[in-house]
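Asker: Can you look at this prediction? I've put the sequence above it.
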Amino acid sequence: MKLALKDLKCVRGGRTVFEGLSLNVRDGTGVELTGPNGSGKSSLLRMLAGFIPAAAGHIHLEGGDNDVSLGEQCHYVGHLNGVKRALSVQENLAFWTEYLGGGEIESALSAFDLENLSHIPAGLLSAGQARRLGLARLALVHRPVWLLDEPSVSLDKGSRKFLSTAIASHIKAGGIVIAATHAPLGVKFAQSLKLGTGGRS
Amino acid sequence: MTQAEGTFNRLANPTRFMGLASTILPWLTCLTALLLLTGLYLAFFVAPEDYQQGHTVKIMFIHVPFAWLAMMGYSVITIASIGSLIWRHPMADVAAKTAAPIGACFTLLALVTGSLWGKPMWGTYWVWDARLTSVLLLFFLYLGLMALWQAIEEPSRAGRAAAILAIVGSVNIPIIKFSVDWWNTLHQPASVAKLDGPSIHSSILTPLLIMAAAFTCLFFVMHLMAMRTEVLRRRVQALQLTHVDAAGVTQGARA
Amino acid sequence: MKAFTSLVARDLRLAWREGGAISTALGFYLVVVAILPLGLGPDLNLLARIAPGILWVALLLAALLSVDRIFHNDHEDGTLEIIALGPLPLELVAAAKATAHWISIGIPLTLAAPILALLLNLPANAFWVLVLTMATGTPAISFLGALGAALTLGLGRGGLLLALLILPLYAPVLIFGVAAMNAVITGPSPFLSSYLILCAITLATIVLAPIASAAALRLNLN
């Protein structure tokens, strides 16, 4: 499997954020996106997820499932957790299992150390716990491509370990991870892309 | 690329449009003035007075064109909206946006002249006549479009949202018209005097048609001018954006 | 299909847990119906004559109060993005959310209508038409409301704007809902013709509105 980005151009609010961006990501590798604010890290991830149409260029997942869109083969973790406050931790995950067609809730809970919280309403969780619940989706439903936008925000040192373990094991299992980050995630990425300097480095 | 597509794309180019607009506008303005003067002269000095309505029948010569433009304005918006949604032409966006206030104005004028005409004819300024009611609902659709344009800051997003709403509205207009007619026949006991009798004498029809043509031209004059203003406004905004970007780069270099 | 039902089920569960929307809509419905006689006078004959119109207009206003929430919460907490990456096309997402709104708001309002009709002295033979026409018309209200909610998603004062955008589109539902009731109460026009047109409007809305809603949602994810 290979995720191929060719000559991508992104225009937001009338201004060009980046253009001529090309990148190849093989399965079992990860890319770290860096760059100052407004350099287009989030825009690139949203473009890969299919939320923003590319002003020019192509995105193609070679060896992926051609019957479904790229977005459906991606996990997208943005700044918001997508957690329903009125539902318990368990119910939140149960909905994603049903809706996205996923796997075991128990293993997802343990992957992000949420077993003890499973019956707590998500509205009562701390910011870090809610973030872990949002990330637990990664372990819950298998999707080959992970798009992570500042995944470690509001995680303390201990919780960050669960995230880096999850990312490392996904890469090891032949997945693709593209992560935008300010702080190091504690994972070795095969490539690093610095945006805001003409598109590549 | 076919020939038709080529023409279409050239028109969609703002610079081409600006050139074209400044060539057409003086001619179209002259034509409008000419038609308007002829139409007004015929309407006031040549057309006979109605034996029942007297002077008030003259309102018809502006009321009917206004009502026609109320509908035409929405059609222009709908066509432009389809263009902006499907082909994503920037000029279609501009055309849809600028047609809305002009169309809304003509719709309001149609309502006002209609109710002024209604006073001597029906003895009251407003009746819930089927036509008045559907024009009123059309006016609300215009207001909604304008409000949506105003509420969304980013022009391209506002354009697409307004285009969706405009198309939904145009699908609904026949349904609304049909239901208002139905509603009206249920409630209105006897219909009041109707304008469209079996035939309209040519001494009335000719000035009416000339007035309709004059106001249609006026619509396009104002529309072209508004589109030109909108293009300029967007250029100014784009220039300001590049200034902001340039300032950001120098600041970044200093830091 | 499983994704569709799970989305509807989750929305219903959330509506039940959070509770506020249903009780606010019902309370608003009651207050509007109760305050109109204060303006119109207590003449029961007059009230009985205009009861269908009052009940329908109040229902529209009460439903309008809650439609702007259809996508708002999911948009605000980021759930909408994840839902958009699910197996369900956005058209069906919009349809699922509108269906959940209809079940959680439209049906309770429809069931409350006969009780409020008592206050207005609605003729006894019209109660079944009241429930029938409202049960038929409220899906159109939810689906059009979802379209308005999708268009005004993420805007300040979205609720007021939504009312301006959507109320004119509600006119046909209102006209034929009331016409069908009046046909039974006073005649002379046949009930069935108005009612069947109301059915047609609802069915067309259910099919077409989600397409436009999905286009608006796509714009908002942008």
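Answerer: That came through fine.
Asker: Check whether the longest helix along chain B comes near chain A.
Answerer: With secondary structure taken from DSSP state H, chain B has its longest helix at helix B:202-254. Yes: for helix B:202-254, a contact with chain A is found by CB under 8 Å from any CB of the partner chain, at B:237-238, B:241-242, B:245, B:252. (Glycine included, C-beta is placed from N, CA and C.)
Asker: of these, closest to A:G134?
Answerer: Nearest to A:G134 among the residues of helix B:202-254 next to chain A is B:G252, at 32.4 Å by CB to CB.
Asker: what helix or strand is the nearest residue to C:L151 once chain neighbours are set aside on?
Answerer: Once flanking residues are discounted, C:L151 sits nearest to C:A216: 4.7 Å by CB to CB, 6 or more residues apart in numbering or on different chains. For C:A216, the host element (DSSP states H and E) is helix C:191-221.
Asker: List the buried residues of that helix.
Answerer: For helix C:191-221, a neighbour-count test (16 or more other CB atoms under 10 Å in any protein chain shown) marks C:191, C:194-195, C:197-199, C:201-202, C:205-206, C:208-210, C:212-221 as buried.
Asker: what's the average pLDDT for it?
Answerer: The pLDDT scores in helix C:191-221 average 93.
Asker: now it, how far from the chain's geometric center?
Answerer: A distance of 12 Å separates the centroid of the chain from that of helix C:191-221, by CA atoms, centre = their mean, to the nearest Å.
Asker: Could you do stretch C:14-26 as well?
Answerer: 14 Å.
Asker: What are the buried residues along that stretch?
Answerer: C:14-15, C:21-22, C:25-26.
Asker: Quick check: of these, which lies closest to C:N45?
Answerer: C:L26 (27.6 Å).
Asker: So which bits of chain B are right by chain A?
Answerer: Counting by CB under 8 Å from any CB, chain B sits next to chain A at B:154-156, B:237-238, B:241-242, B:245, B:252.
Asker: Switch the residues you listed over to CSV; also include neighbour count.
Answerer: Shown next, in CSV, are those (neighbours: other CB atoms under 10 Å in any protein chain shown):
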residue, neighbour count
B:E154, 13
B:P155, 19
B:S156, 18
B:Q237, 12
B:A238, 12
B:L241, 13
B:T242, 11
B:D245, 12
B:G252, 10
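Asker: between the residues you listed, which is closest to B:V64?
Answerer: Nearest member of the residues of chain B next to chain A to B:V64, counting by CB to CB, is B:P155, at 35.2 Å.
Asker: Tell me who's in contact with that closest one.
Answerer: A:14, B:93, B:234 (CB atoms under 8 Å, 6 or more residues apart in numbering or on different chains).
Asker: Cross-check these against chain C and keep the overlap.
Answerer: Okay, of the contacts of B:P155, nothing touches chain C (CB under 8 Å from any CB).
Asker: top of the residues you listed by neighbour count?
Answerer: Most neighbours among those, by other CB atoms under 10 Å in any protein chain shown: B:D93, with 25 neighbours.
Asker: helices or strands next to the helix or strand where that residue lies in the packing?
Answerer: When elements are assigned from DSSP H and E, B:D93 belongs to helix B:90-122. Other helices and strands packing on helix B:90-122, by 3 or more CB pairs under 8 Å, 6 or more residues apart in numbering or on different chains; DSSP states H and E, are helix B:3-12, helix B:14-41, helix B:60-86, helix B:130-151, helix B:155-187, helix B:202-254.
Asker: now the ones you listed in JSON lines, with distance to C:A112 and mean pLDDT?
Answerer: Shown next, in JSON lines, are the helices and strands packed on helix B:90-122 (distance: least, CB to CB, whole Å; pLDDT from 0 to 100):
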{"stretch": "helix B:3-12", "distance to C:A112": "53", "mean pLDDT": "46"}
{"stretch": "helix B:14-41", "distance to C:A112": "55", "mean pLDDT": "89"}
{"stretch": "helix B:60-86", "distance to C:A112": "37", "mean pLDDT": "92"}
{"stretch": "helix B:130-151", "distance to C:A112": "28", "mean pLDDT": "91"}
{"stretch": "helix B:155-187", "distance to C:A112": "25", "mean pLDDT": "87"}
{"stretch": "helix B:202-254", "distance to C:A112": "48", "mean pLDDT": "82"}
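Asker: For the ones you listed, give me JSON lines that also has distance to A:G175.
Answerer: As requested, the helices and strands packed on helix B:90-122 are exported to JSON lines (distance: least, CB to CB, whole Å):
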{"stretch": "helix B:3-12", "distance to A:G175": "43"}
{"stretch": "helix B:14-41", "distance to A:G175": "45"}
{"stretch": "helix B:60-86", "distance to A:G175": "37"}
{"stretch": "helix B:130-151", "distance to A:G175": "41"}
{"stretch": "helix B:155-187", "distance to A:G175": "34"}
{"stretch": "helix B:202-254", "distance to A:G175": "35"}
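Asker: State the three-state secondary structure for whichever residue of chain A sits closest to chain C.
Answerer: Residue nearest to chain C within chain A: A:L80 (2.6 Å; CB to the nearest CB). Classification of A:L80 using DSSP: H, G, I helix; E, B strand; the rest coil returns coil.
Asker: And A:G57, by the same measure?
Answerer: Going by three-state DSSP: A:G57 is strand.
Asker: how many other residues sit next to it?
Answerer: 16.
Asker: could you list every residue that touches B:L218?
Answerer: B:32, B:36.
Asker: do the same with the one 4 residues further on
Answerer: Under the criterion of CB under 8 Å, 6+ apart, the contact partners of B:M222 comprise B:I102.
Asker: how about stretch C:101-110, does it reach chain A?
Answerer: No: contact between stretch C:101-110 and chain A is absent, the nearest approach being 13.4 Å (criterion: CB under 8 Å from any CB).
Asker: Between the two ends of that stretch, how far is it?
Answerer: End-to-end span of stretch C:101-110 (CA to CA, to the nearest Å): 13 Å.
Asker: give me the number of residues near the closest residue in space to B:W126 that isn't next to it in sequence?
Answerer: Of all residues beyond its chain neighbours, the one nearest B:W126 is B:S115 (5.4 Å), with distances taken as CB to CB, 6+ apart. Other residues within reach of B:S115 by the criterion other CB under 10 Å amount to 16.
Asker: Roughly how far does B:S115 sit from B:W183?
Answerer: As judged by CB to CB, to the nearest Å, B:S115 and B:W183 stand 19 Å apart.
Asker: cool, A:N81 as well?
Answerer: 49 Å.
Asker: what about those two, which has more around it?
Answerer: The residue with more neighbours, out of A:N81 and B:W183, is A:N81; 26 against 22, by other CB under 10 Å.
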